[in-house]
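Turn this into a model:
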Amino acid sequence: MSSSDELTSLRGKLLIAMPQMSDSRFAEAVIYLCEHTPEGAMGLVINKDIEVISMTELMGQLSISIPEPEKDRLTNCFVGAGGPVEQNRGFILHSNEYLKEESLSVSDQLAMTATLEILQDIANGQGPASCLIALGYSGWSELQLDRELQENAWLIVDADQDLLFNHPRSEVWGAALAKLGISPELLSSEIGRA
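Just a heads-up that it's a prediction; the model follows:
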């Protein structure tokens, strides 16, 4: 890649799956990009629920005790399917007032941490103010994401904390499109040429 063809990093942006997405695992997915370089990309799907496990069940499986006053607060924590890679591994996307040495600062406002310590801090009410937990991640090899973008598989939009942490998961895809002024009903799953 020549210097005139430098890759513009999309780190900290949201990818919105187009209706013609050929991989059903990413149908109507919205992915927060934690890393994007010429060597590859890594992100977390933020809108795919894992119905088989709740936050309190996850903490129980990890032998993390939750003090009684914190249990109600944790019922609202989102545990989702971050992607098809390493689905047995957890990644916590969170507001960056909570940073540890192991945290990856993704933007001015967000970080990602993948340790048991952050889960223990969340359980004890000492974790980040906002977070979501993703089991697994989405990954792309060298320039793979850039090819998918050229094929119009994804739209790109700026991330915001309301969409990441507060929006009902079932409405995130439509809300992300709305940030671009696009109505989901106007998108066709058929690709055509004029």
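
Point out where the chain drops to low pLDDT.
For the chain, the stretches flagged by pLDDT under 70 are 1-7, 51-52, 69-76, 188-194.

change it to 80
Scanning the chain for pLDDT under 80 picks out the ranges 1-7, 22, 50-63, 65-78, 184-194.

tell me the centre residue of it?
Leu44 (3.0 Å; CA atoms, centre = their mean).

which residues touch that residue?
31-32, 34, 80, 82-83, 91, 93, 112, 132, 134, 137-138 (CB atoms under 8 Å, 6 or more residues apart in numbering). Quick note: C-beta positions are derived from backbone N, CA and C, even for glycine.

And Gly127, by the same measure?
Contacts of Gly127 by CB under 8 Å, 6+ apart are 94, 98, 118-119, 121.

before we move on, what about Leu164?
32, 46, 93, 110, 130, 132.

tell me which element the first one falls in.
This means Tyr32. strand 30-37 (DSSP states H and E).

And that strand, what's buried?
30-36 (16 or more other CB atoms under 10 Å).

Now that Ile46 has come up, it's in contact with Leu93, right?
Yes - in terms of CB atoms under 8 Å, Ile46 counts as a neighbour of Leu93; the distance is 7.4 Å.

any shared contact partners between these two?
32, 132, 134, 164.

and the gap between the last one and Gln120?
The span separating Leu164 from Gln120 equals 22 Å under the rule CB to CB, to the nearest Å.

Quick one: the strands in the protein, in order.
13-17, 30-37, 40-45, 79-81, 85-95, 104-105, 110-113, 131-140, 154-158 (DSSP state E).

Asn124: neighbour count?
14 (other CB atoms under 10 Å).

Quick check: it vs Glu97, distance?
Distance from Asn124 to Glu97, by CB to CB: 16 Å.

My guess is Ile133 contacts Val79. True?
Yes - the pair Ile133 / Val79 is scored as a contact, 4.7 Å apart, by CB under 8 Å.

Mutual contacts of the two, please.
Joint contacts of Ile133 and Val79 (CB under 8 Å, 6+ apart) are 55, 58.

possible to save the buried residues of strand 30-37 as CSV with distance to Asn152?
Shown next, in CSV, are those (distance: CB to CB, whole Å):
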residue, distance to Asn152
Val30, 16
Ile31, 16
Tyr32, 20
Leu33, 17
Cys34, 23
Glu35, 22
His36, 18
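
from the residues you listed, which single one is nearest Leu104?
Nearest to Leu104, judged by CB to CB, of the buried residues of strand 30-37 is Cys34 at 6.6 Å.

so who does the closest one touch?
11, 42-44, 91, 93, 104, 106, 112, 137.

could you redo the last one with a cut-off of 7 Å?
Cys34 sits next to 11, 42-44, 104, 106, 112 when contact means CB atoms under 7 Å, 6 or more residues apart in numbering.
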